[in-house]
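Turn this into a model:
(chains A, B and C)
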Amino acid sequence: MVCTLTTDFGTRDWYVGALKGTLLRLAPHAVLIDLAHDLAPGDVASAGMVLAGAAFAFPPGTVHLAVVDPGVGSARRMLAARAAEQTFVAPDNGLLTAFLDAAAIVHSVERPDLYLESPGDTFHGRDRFAPIAAAVLGGCALESLGPRVHDPVRLTGAKPARDAASGTITGHVVHVDRYGNLVTDVPFSWVRGRLVSARAGRLEARRLATHYAELPAGVLGVLAGSLGTLEIALRDGSAADATGAGRGDAITIEIAAS
Amino acid sequence: MVCTLTTDFGTRDWYVGALKGTLLRLAPHAVLIDLAHDLAPGDVASAGMVLAGAAFAFPPGTVHLAVVDPGVGSARRMLAARAAEQTFVAPDNGLLTAFLDAAAIVHSVERPDLYLESPGDTFHGRDRFAPIAAAVLGGCALESLGPRVHDPVRLTGAKPARDAASGTITGHVVHVDRYGNLVTDVPFSWVRGRLVSARAGRLEARRLATHYAELPAGVLGVLAGSLGTLEIALRDGSAADATGAGRGDAITIEIAAS
Amino acid sequence: MVCTLTTDFGTRDWYVGALKGTLLRLAPHAVLIDLAHDLAPGDVASAGMVLAGAAFAFPPGTVHLAVVDPGVGSARRMLAARAAEQTFVAPDNGLLTAFLDAAAIVHSVERPDLYLESPGDTFHGRDRFAPIAAAVLGGCALESLGPRVHDPVRLTGAKPARDAASGTITGHVVHVDRYGNLVTDVPFSWVRGRLVSARAGRLEARRLATHYAELPAGVLGVLAGSLGTLEIALRDGSAADATGAGRGDAITIEIAAS
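Residues are numbered from 1 along each chain as shown, chains lettered A, B, ... in the order given. Below is the predicted model of the structure:
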């Protein structure tokens, strides 16, 4: 049984180890798979992107444990959610937004009997989330973990929009990856074959490319990114640095009439 | 059989891979679990903290291989130690200090027949420690690895102290984690419910909190950390940066009479 | 069945997770082993070094998947190669140079039926390389993946040379590791016991050591590195920073007559 791990615990402290040890002690047959641990401290949105981009690649039945939890110890709920044959365990802080569609089954975990005795309320990753994930890995039904909830916290943001008359699309940078690519929320299908220009920050891209190496060095281009959305990239460089655009910034796209 | 890995090898070179490959070649059924590889080069104390904070979360029988070994190739001994049903393999440089209590059984490994042929004495992680760990994973008794030793190297440091008359506690920062939290050696039970103030570097904390989000932004607080010791944290910031305190620095705590 | 992973995907995005998920979905029994993910973006040479230093430590039958692929989506081929009882899957960009000796069996993969449907040509790691590796892990013969090729791309570089008359060896820095050690291409056997001096950048080392701790602090030394080649190291510091030498730079060695 595969259990993926996504945290902001870094790779210099004992936090990842304590999480893994607890999981293996309580669910000895779990196969632990690191997704990402170097997220910026408290960066819930990036944790959500990691899961959104990776979760459904995994086999059905996978358990995804994600702990980016600046509200640890507060009244924030702990969620166990099922979506598309996978199970997610995470704090109720918007991390699971991408998975909370109408078909998702979401429970608030209220099972103090599962939690570890703990010196304080600063490490629920080890003391609560790992035991919860272990229970799920052991076959525990979501129904038995706590009441179903219909109001999980969602990260809200402006949606991409298109104006058919003017041929203008407004979208947003949702992630800057390690290459400096600007990943946006604009479905690539909206621009396929019709790009006139895409403005991000101080620069405008006018070149549609199918792959990075097709761009001349130093030229900003527009591609279909790995999530199926429009991506702005700079060959052999960082589009984020070149444009000055970052997460949350608007991008404006002009397309030709279809 | 679980084998954890803690090193300062980083994640850009072949060192972690060579260690893992050797382990899997010699102990094919080992389940390898990364604890931390991004420790500062030669930072034995941090490696010890990673193990101290994570090891006992793992199931009995786990083998913990830790290689932060600035003395590689010198006359420093190589240790295999058993403590609380777990086995530790590491250089004799203080890394295992947290596990060397009276009940620990510690052996100096002297088994050249196990070591790999090697171009030199610069990579005992691959050439000696991995084969030793593989032997332990394969069921080799510690007694057969070499003589028992009673003088393993210990990291020494001042102990926390409390003066009952004045209500003053003197402790030390033992670790700065990636969030900038100051982890100390002061048992949290010494201050629970009685904090007056805790001074670290240039600042004083007067607020006792059960969790980080309880602190107002920018306020320094005192909490029970994940190891059961007192921790000084800054909401949404780095207590280390704000106070100027770092590993080894003293902290001074005033408590109310009980 | 062990499958190692070497990429420049970093540890903050969803790329590593999407690769792992796809592998586990298509090859459920694969044991995934991270070698390195923090390589500099597009640094094909470092990926090759990671494999060169780690691959043969693994058991026969291991599959090594390496994706540092700045040419993703272009006409560059995708290779599956067998060398010394191990299988390598990687783009045809020189990454596998160390394994392309006369005995290697190299195939160009041409199996669109294996590839995943994809929004674009920007993530062949997930959409093509993972399915190829999964096919190999499932027992697929290299012959069935595509035609044999005899002209894989090789990274070329000057070879180390020695002038017996003058006792001068000219070599090159092939890697700077995280400790700042200068790893060279000069076989250590060329200098063993005969070193007069080794010049790298602005400094000269005259001290031959068997291990790092043998060097006095601040003294530059020459050792046998973990690959069997000459290495230049600075005790408790970075030889790269001290000498100013980096990858590709020449080093000049004087040896005594044998």
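
number of nearby residues for residue A:114?
Using other C-beta atoms under 10 Å in any protein chain shown, residue A:114 has 17 other residues around it. In short, each C-beta sits where N, CA and C put it, glycine included.

Who are the contact partners of it?
A:128, A:131-132, A:135 (C-beta atoms under 8 Å, 6 or more residues apart in numbering or on different chains).

do that again at 6 Å, thanks
A:131, A:135 (C-beta atoms under 6 Å, 6 or more residues apart in numbering or on different chains).

helix, strand or coil for it?
coil (DSSP: H, G, I helix; E, B strand; the rest coil).

And it, how far from residue C:218?
55 Å (C-beta to C-beta, to the nearest Å).

and the residue in the stretch 151-258 of chain A that chain B sits nearest to, what are its phi and psi?
As assessed by C-beta to the nearest C-beta, chain B sits closest to residue A:178 within the stretch 151-258 of chain A, at 12.9 Å. Dihedral angles of residue A:178 (phi, psi; degrees, to the nearest 10) stand at phi -70, psi -20.

try residue A:230
Dihedral angles for residue A:230 - degrees, to the nearest 10 - are phi -70, psi 140.

Okay, and the nearest residue in space to residue A:30 that is not next to it in sequence sits in which element?
Nearest non-adjacent residue to residue A:30, counting by C-beta to C-beta, 6 or more residues apart in numbering or on different chains: residue A:3, 4.7 Å away. Using DSSP states H and E, the element containing residue A:3 is strand A:2-7.

and the angle from the helix or strand following that strand to strand A:2-7?
Note on strand A:2-7: by DSSP H and E, the next helix or strand toward the C-terminus is helix A:15-26. Relative orientation of helix A:15-26 and strand A:2-7, computed by axes from the mean of the first three to the mean of the last three C-alpha atoms, to 10 degrees: 150 degrees.

near chain C, anything from helix A:15-26?
No - Helix A:15-26 does not reach chain C (C-beta under 6 Å from any C-beta of the partner chain); its nearest approach is 11.2 Å.

what are the pairing partners of the next helix or strand after that helix, and which direction each?
Downstream of helix A:15-26, the next assigned helix or strand under DSSP H and E is strand A:31-36. Strand A:31-36 pairs in its sheet with strand A:2-7 (parallel), by DSSP bridges.

What's the mean pLDDT across the partner strand?
Confidence over strand A:2-7, taken as the mean pLDDT, stands at 98.

got the CA positions of it in CSV?
Coordinates of the C-alpha atoms in strand A:2-7 are reproduced here as CSV (Å, rounded to 0.1, in the frame of the first residue of the first chain):
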residue,chain,number,x,y,z
VAL,A,2,1.6,3.2,-1.2
CYS,A,3,1.6,6.3,1.1
THR,A,4,3.0,9.5,-0.4
LEU,A,5,4.5,12.3,1.7
THR,A,6,4.3,16.0,1.0
THR,A,7,5.5,18.4,3.7
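
Now tell me what touches it from outside.
Counting by C-beta under 6 Å, 6+ apart, A:30-37, A:47, A:50, A:62-67, A:137, C:24 sit against strand A:2-7.

gap between it and the chain center?
Put simply, strand A:2-7 sits 13 Å off its chain's centre (C-alpha atoms, centre = their mean, to the nearest Å).

Report the buried residues of that strand.
A:2-7 (16 or more other C-beta atoms under 10 Å in any protein chain shown).

do the same with stretch A:110-122
Of the residues in stretch A:110-122, A:111, A:114-115, A:118-122 count as buried by neighbour count, 16+ other C-beta under 10 Å.

Quote the end-to-end distance of it.
18 Å (C-alpha to C-alpha, to the nearest Å).

Are the strand ranked longest in chain A and chain C in contact anywhere?
Identified as the longest strand of chain A according to DSSP state E is strand A:168-176. No - in terms of C-beta under 6 Å from any C-beta, no part of strand A:168-176 sits within range of chain C; the closest distance is 7.5 Å.

list the helices and strands that strand packs on?
Strand A:168-176 is packed against strand A:182-187, strand A:250-255, with contacts defined by 3 or more C-beta pairs under 6 Å, 6 or more residues apart in numbering or on different chains; DSSP states H and E.

Looking at the ones you listed, which is nearest to chain C?
For chain C, the closest of those is strand A:182-187, at 8.9 Å, according to C-beta to the nearest C-beta.
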